[in-house]
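> Just the structure for this:
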Amino acid sequence: MNGVFYIGATGLDTQQRALDIVANNIANLNTRAFKQSHPQFSQMVAPVALPADGHETSAADAQAAMLGVKLDGAPVDFTQGQLNATGAPLDLAINGSGFIELMGPGGQTMLWRGGGLMVNPDGYLAASNGMPLQAMISVPHDASALTISADGKVTATVDGSAQPVSLGQIELSQDNDPSTLTAIGGGLYVPQSDADIVRAAPGTEGAGVLAQGFSEASNVDLSREMVTLLLMQRTYSANAQVVQAGDQLMGIDNELKR
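Predicted structure coming up:
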């Protein structure tokens, strides 16, 4: 009988965790370059000892060994979102695969899908969160008409120069195994120590190209997320009924023993 409560409880806990993931997707519907996550489930099975005679476990024993389901991760869907023209010269998006590398507070590598740019107090081109690009592109204080080409070349007009001056090159990084990337919020991802990061100029070796004056929208499909919410609500209710039925049966059992 205790197994009924356990199955129901694990089901409730799993659906609650999955609900948090879907709710986070919906909350970031309008977040630039946000990538949705999809909860995955696996069946929990208790170890069943083989009979002494060495025969296979019976179907009844195998059924008794099922202990419910658990959340088995929530891989990120890196499908590209729609690119929208903003006309802002410091808006930058990636059309295709790849990430822009940022330098975190401790010098660690952060991967970023693009968004708003700024010049930080130290004079370096940085993301809107203040983290400078790993390329460490210095922007002169008198620079104007900052231009980022599709292949990542950064130029600007500087006082005293009739021609645009080259400031640096933005490369794109690709991870051959996206499962080694950990999302930390704010559109940032941290590669694990064993991540296979490949760096290339935009437009080469399968990397996407840069699009200045564009913003990548979230890839969240609101219709799909709402349907998923309804399914989770039904599943949560079913698990609650399992716990309730177990409680009723336990009450009947207690009454019979009196």
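
> Run through the residues that contact residue 93.
For residue 93, the contacting residues are 33, 83, 113-115, 210-211, 214-216, taking CB atoms under 8 Å, 6 or more residues apart in numbering as the criterion. Quick note: C-beta positions are derived from backbone N, CA and C, even for glycine.

> Bridge partners for it, pull those for me.
Beta-bridge pairing of residue 93, defined through DSSP bridges, involves residue 114, residue 211.

> and the closest residue to residue 30 other than its chain neighbours, what helix or strand is that in?
Nearest-residue entry for residue 30: residue 218, 6.5 Å, with adjacent residues in sequence omitted and distances by CB to CB, 6 or more residues apart in numbering. Assigning secondary structure by DSSP states H and E places residue 218 outside every helix and strand.

> correct me, but residue 218 touches residue 37?
No - with contacts defined as CB atoms under 8 Å, residue 218 does not count as touching residue 37, sitting 11.9 Å away.

> ok, the two, which is more surrounded?
Neighbours were tallied for residue 218 and for residue 37 using other CB atoms under 10 Å; the higher tally belongs to residue 218 (20 against 17).

> for that one, what are its contacts?
By CB under 8 Å, 6+ apart, the contact set of residue 218 is 28-36, 81.

> With pLDDT and secondary structure as extra columns, can I get those in a markdown table?
Rendered in a markdown table, the data for these read as follows (pLDDT from 0 to 100; DSSP: H, G, I helix; E, B strand; the rest coil):
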| residue | pLDDT | secondary structure |
| --- | --- | --- |
| 28 | 93 | coil |
| 29 | 94 | coil |
| 30 | 93 | coil |
| 31 | 91 | coil |
| 32 | 92 | coil |
| 33 | 93 | coil |
| 34 | 93 | coil |
| 35 | 94 | coil |
| 36 | 94 | coil |
| 81 | 95 | coil |
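
> Weed out the non-buried ones from those.
Among those, the ones that count as buried by 16 or more other CB atoms under 10 Å are 28, 31-36, 81.

> Which two of these have the greatest separation?
Between any two of those, the greatest separation by CB to CB is 13.6 Å, found for 32 and 36.

> count of residues packed around residue 201?
Residue 201: 15 neighbours (other CB under 10 Å).

> ah, wrong one, I meant residue 99
The number of residues packed near residue 99 is 27, by other CB under 10 Å.

> For the nearest residue to it once chain neighbours are set aside, which three-state class applies?
Closest residue in space to residue 99, ignoring its immediate chain neighbours: residue 111 at 3.7 Å, by CB to CB, 6+ apart. Secondary structure assignment for residue 111 (DSSP: H, G, I helix; E, B strand; the rest coil): strand.

> show me the contacts for residue 111.
By CB under 8 Å, 6+ apart, the residues touching residue 111 are 99-102, 173, 175, 181, 188-191.

> do the same with residue 95
By CB under 8 Å, 6+ apart, the residues touching residue 95 are 80, 83, 208-211, 214.

> Which one of the contacts of residue 93 is nearest to residue 24?
Using CB to CB, residue 33 comes nearest to residue 24 of these, at 15.0 Å.

> Surely the closest one touches residue 127?
No - checked against CB under 8 Å, the pair residue 33 and residue 127 is beyond contact range at 11.0 Å.

> Can you check which residues contact both of those two?
Both residue 33 and residue 127 are in contact with residue 115, where contact means CB under 8 Å, 6+ apart.

> Now do the SS call for residue 205.
Going by three-state DSSP, the secondary structure assigned to residue 205 is coil.

> Please work out how many residues are found near it.
The criterion is other CB under 10 Å. On that basis, residue 205 has 12 neighbouring residues.

> got the domain boundaries for this structure?
2-77+220-257, 83-216 (automatic domain parsing).

> weakest of these by average pLDDT?
Per-segment mean pLDDT for the domains of the chain reaches its minimum on domain 2-77+220-257, at a mean of 79.

> Next up, the contacts around residue 198.
Contacts of residue 198 (CB under 8 Å, 6+ apart): 173-176, 205.

> In TSV: these, plus distance to residue 246 and secondary structure.
Output for those, formatted as TSV (distance: CB to CB, whole Å; DSSP: H, G, I helix; E, B strand; the rest coil):
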residue	distance to residue 246	secondary structure
173	51	strand
174	50	strand
175	45	strand
176	47	coil
205	57	coil
